[in-house]
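# following is a predicted model, sequence given first.
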Amino acid sequence: MNKVVLVTGANSGIGLALCERLLTQDTEGVQLCLACRNMQRAQAARSALLASHPTAQVALLQMDTSSITSVFKAAQEIKLRYNRLDYLYLNAGIMPNPQFDVTAFFKGLFSRKIITMFATGEGILTQTDRITPDGRQEVFATNLFGHFLLIRELEPILCHAGRTSQLIWTSSSNAHRSAFNLEDIQHQKGTQPYSSSKYASDLLSLALNTHYNKQGLYSSVICPGFVMTNLTYRILPSFPAFLWTLLMPIFWLIRVFTNMFTLTPYNGAEALFWLFQQKPESLDPYAKYHSLTSALSNNYTQPQKMDIDLETSEALYEKLLQLESEERRKVKEKQKPSQHFHSNRAGPLSS
Ligand SMILES: NC(=O)C1=CN([C@@H]2O[C@H](COP(=O)(O)OP(=O)(O)OC[C@H]3O[C@@H](n4cnc5c(N)ncnc54)[C@H](OP(=O)(O)O)[C@@H]3O)[C@@H](O)[C@H]2O)C=CC1
Ligand SMILES: CC(C)CCC[C@@H](C)[C@H]1CC[C@H]2C3=C(CC[C@]12C)[C@@]1(C)CCC(=O)[C@@H](C)[C@@H]1CC3
């Protein structure tokens with residue numbers, strides 16, 4: 001039977017590379033749905049996939065994960081189109097207005113933390129977040145909350161007796177406990193919203209396993225390593241593309257010290273692809289699955305224990321459920337005036 005696979009943020013980078021890899025492995029056996037914010041780029045991605053796999057089933061769906069209305073609308077559409085969903089890749093993500101701390105970078109180069117700095121970007125990156133029209137912090141809304149609402153909305157087609165479904169989050173080695181605060185889950189106060197949102201996705205994955213495994217739904221997280229994509233090019237916007245190309249030999253050399261420099265979207269998608277082939281019951285809910293590339297350019301996936309605990313994951317889950325109820329209340333409030341308007345119109349006509 002065909003596997004139904006939905007990938008968010010599938011029009012570029014790691015998401016698109018995953019789609020390409022899934023189709024290369026089994027063109028006929030996969031029914032792909034690319035859920036994208038930008039439909040022009042989504043069309044281009046679909047055309048590229050069909051050019052190399054003309055018989056593939058590739059559908060498009062408009063969804064902006066930072067917008068509550070867009071997520072609810074997209075979820076309705078998904079439920080109309082499919083009666084089951086086997087894989088949901090929660091991959092869309094942003095790192096807006098990144099600031100690269102050059103001083104910290106050079107200090108790091110001459111410290112014992114040099115490898116960690118290159119592997120995780122720890123201590124050298126901050127971001128300035130924005131507020132969405134819904135009034136939420138944009139990084140939290142895009143990377144985490146929109147995906148959480150999507151999962152909750154898709155529950156009926158994700159949970160089926162007698163079969164399993166997988167949720168797979170594209171997290172990061174930049175996810176740190178120190179950047180996350182349970183009292184400020186949207187990271188309104190700090191300067192590391194990206195790290196906070198990725199740490200929150202690690203926690204949420206654990207909580208989802210606690211609450212949904214019995215219903216056959218399993219969640220895992222991966223880190224794609226450091227990959228050259230639109231997201232990373234924006235870290236040094238004044239750096240022209242050819243300079244990045246000039247740096248490539250240095251980056252390949254760094255692979256001798258850390259295999260986290262996967263560099264290409266194809267390599268970065270390794271763990272996402274690997275998880276597609278695993279039995280979800282055999283996976284460790286406390287592990288992050290890393291895409292790694294050796295100095296000899298061999299790709300492999302390795303699990304690493306995450307710095308997370310059940311108590312914090314449950315507390316975050318509760319807070320997300322509260323936010324979800326708030327959002328549902330707001331949606332109902334918005335619908336009320338128009339219902340009132342319609343019933344008023346219906347009144348005199350029927351009398
Ligand atoms: N590159 C790296 O080194 C690393 C990346 N990651 C993670 O990998 C994931 C993919 O990023 P990557 O491929 O690198 O970068 P890209 O920028 O190429 O891909 C990000 C994708 O997310 C989509 N997206 C962004 N905002 C929204 C939104 N509001 N609604 C829907 N889709 C949205 C983008 O679509 P659009 O075209 O509309 O912008 C794009 O398709 C992210 O979650 C990122 O955090 C993790 C660790 C390292
Ligand atoms: C210009 C200099 C000679 C080289 C600069 C290199 C840095 C820009 C990169 C070194 C390690 C990179 C890295 C990330 C961003 C770019 C670097 C800081 C990430 C933080 C990107 C997003 C993630 O999720 C992390 C896993 C990456 C970790 C490494």
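In hand now; what should we look at? Numbers count the residues shown, from 1 in each chain. Ligands and ions are numbered 1, 2, ... in the order given.
# now for the residue nearest the centre of the chain: which residues touch it?
Against the mean C-alpha coordinate of the chain, by C-alpha atoms, centre = their mean, the closest residue is residue 91 at 2.7 Å. Counting by C-beta atoms under 8 Å, 6 or more residues apart in numbering, residue 91 touches 7-10, 14-15, 18, 169-170, 272. For glycine as for every other residue, the C-beta is placed from the backbone atoms N, C-alpha and C.
# which ones among the residues you listed map onto helices?
14-15, 18, 272 (DSSP state H).
# got the buried residues for stretch 209-222?
209, 212, 216-222 (16 or more other C-beta atoms under 10 Å).
# pLDDT of it, averaged?
For stretch 209-222, mean pLDDT rounds to 98.
# tell me if it is near ligand 1.
No: for stretch 209-222 and ligand 1, the contact criterion (C-beta under 6 Å from any ligand atom) is not met; the two come no nearer than 8.6 Å.
# please compute how far that stretch lies from its chain's middle.
Computed by C-alpha atoms, centre = their mean, to the nearest Å, the chain-centroid distance of stretch 209-222 equals 16 Å.
# between the two ends of it, how far is it?
Using C-alpha to C-alpha, to the nearest Å, one end of stretch 209-222 lies 15 Å from the other.
# circling back to that earlier point, can you pick out the most distant pair from the contacts of residue 91?
Spanning the widest gap among the contacts of residue 91 are 10 and 169, at 14.5 Å by C-beta to C-beta.
# what about these two, which has more around it?
More crowded of residue 10 and residue 169, by other C-beta atoms under 10 Å: residue 10, with 30 against 26.
# gap between that one and residue 44?
Going from residue 10 to residue 44 by C-beta to C-beta, to the nearest Å gives 12 Å.
# and residue 50, by the same measure?
11 Å.
# which bits of the stretch 201-350 of the chain sit near ligand 1?
Checking the stretch 201-350 of the chain against ligand 1 by C-beta under 6 Å from any ligand atom, the hits are 223-224, 226-227, 229-232.
# please, a PyMOL command that selects the buried ones among the residues you listed?
PyMOL command restricting these to the buried ones, with burial defined by 16+ other C-beta under 10 Å:
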select buried, resi 223+224+226+227+229+231+232
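# now distance to ligand 2 and secondary structure too, for the residues of the stretch 201-350 of the chain next to ligand 1, in JSON lines please.
Converted to JSON lines, these look like this (distance: C-beta to the nearest ligand atom, whole Å; DSSP: H, G, I helix; E, B strand; the rest coil):
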{"residue": "223", "distance to ligand 2": "6", "secondary structure": "strand"}
{"residue": "224", "distance to ligand 2": "7", "secondary structure": "coil"}
{"residue": "226", "distance to ligand 2": "4", "secondary structure": "coil"}
{"residue": "227", "distance to ligand 2": "8", "secondary structure": "strand"}
{"residue": "229", "distance to ligand 2": "9", "secondary structure": "coil"}
{"residue": "230", "distance to ligand 2": "12", "secondary structure": "helix"}
{"residue": "231", "distance to ligand 2": "7", "secondary structure": "helix"}
{"residue": "232", "distance to ligand 2": "5", "secondary structure": "helix"}
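# with distance to residue 277 added, can I get the residues of the stretch 201-350 of the chain next to ligand 1 in CSV?
Output for those, formatted as CSV (distance: C-beta to C-beta, whole Å):
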residue, distance to residue 277
223, 18
224, 17
226, 24
227, 21
229, 23
230, 28
231, 26
232, 27
